[in-house]
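A.B. asks: Coordinates for the following, if possible.
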Amino acid sequence: MSSGRGASWTFIPTAAVTVFLLNAVVVAEAKNFEDVRCKCICPPYRNITGHIYNRNVTQKDCNCLHVVEPMPVPGHDVEAYCLLCECKYEERSSNTIKVTIIIYLSVVGALLLYMLFLLLVDPLIRKHDTYTQPLHNEEDSEEMRPQVDNSQAKGNTVLERVEGAQQRWKKQVQEQRKTVFDRHKMLS
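C.D. replies: Residues are numbered from 1 along each chain as shown. Okay, here's the model as predicted:
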């Protein structure tokens, strides 16, 4: 089975995306984006459509007169137009955003590496049960399958405990199927 090979092919595009996103963070840092801005949202006024204006200004200069350039209305309508505009001063921390993205990408990368590790190691560890057969409507299929030793089912490792729980679950499913088949025979 080539599950390890398929996993490596899914990992390669993910690694490329991670490298691309880290490069995007570096390019964004090179452009030196500001962490403060004034955002003015101006609704439609007479025959002028609504518009959103952004500008890097101080908090005291965050008003329509300093942000809206070029002014879309003539001089005598400026005051009426600016009364309709809603201006907000916004701050953000680009360093916090960068750190959060790097942590997120690191966790995703670690999980992908763990998935790759499990896909490669799981076939080597897993014990295949050669006696497992699809359950049929026959009662003798229960007798053909050897019983699991209880001392072996209570293993010390996590994998042995999971396999023991899986075997108990399979046994319960087989008992339920047998009960259903017996009832079906009784009703027929």
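A.B. asks: which residues in this protein form strands?
C.D. replies: Counting by DSSP state E, the chain has strands at residues 36-42, 51-55, 86-91.
A.B. asks: what about these, which gets the closest to Val108?
C.D. replies: strand 86-91 (28.4 Å; Cβ to Cβ). Quick note: C-beta positions are derived from backbone N, CA and C, even for glycine.
A.B. asks: Run me through the strand neighbours of that closest one, direction for each.
C.D. replies: Strand pairing for strand 86-91, using DSSP bridges, gives strand 36-42 (antiparallel).
A.B. asks: now the strand it pairs with against strand 51-55, angle please.
C.D. replies: 160 degrees (axes from the mean of the first three to the mean of the last three Cα atoms, to 10 degrees).
A.B. asks: Pull out the buried positions in strand 36-42.
C.D. replies: Going by neighbour count (16 or more other Cβ atoms under 10 Å), the buried part of strand 36-42 is 37-38, 40, 42.
A.B. asks: Export these as JSON lines, with columns for pLDDT and distance to Val108.
C.D. replies: Compiled in JSON lines, these are given as follows (pLDDT from 0 to 100; distance: Cβ to Cβ, whole Å):
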{"residue": "Arg37", "pLDDT": "91", "distance to Val108": "30"}
{"residue": "Cys38", "pLDDT": "94", "distance to Val108": "35"}
{"residue": "Cys40", "pLDDT": "95", "distance to Val108": "37"}
{"residue": "Cys42", "pLDDT": "94", "distance to Val108": "40"}
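A.B. asks: ok, so of those residues, who is nearest Met186?
C.D. replies: Of the buried residues of strand 36-42, the one sitting nearest to Met186 (Cβ to Cβ) turns out to be Arg37, at 77.0 Å.
A.B. asks: thought Ile41 was touching Glu86?
C.D. replies: Yes. With contacts counted by Cβ atoms under 8 Å, Ile41 reaches Glu86, the gap being 5.1 Å.
A.B. asks: how's the protein carved up into domains?
C.D. replies: The chain breaks down by automatic domain parsing into domains covering 3-31+95-125, 36-91, 140-187.
A.B. asks: Pick the most deeply packed of those.
C.D. replies: Counting by mean count of other Cβ atoms under 10 Å, domain 36-91 has the highest mean neighbour count of those, with a mean of 14.
A.B. asks: What's the end-to-end length of stretch 71-79?
C.D. replies: In stretch 71-79, first residue to last residue: 11 Å (Cα to Cα, to the nearest Å).
A.B. asks: now the strands of the chain as CSV including distance to Leu159?
C.D. replies: As requested, the strands of the chain are exported to CSV (distance: least, Cβ to Cβ, whole Å):
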stretch, distance to Leu159
strand 36-42, 54
strand 51-55, 56
strand 86-91, 51
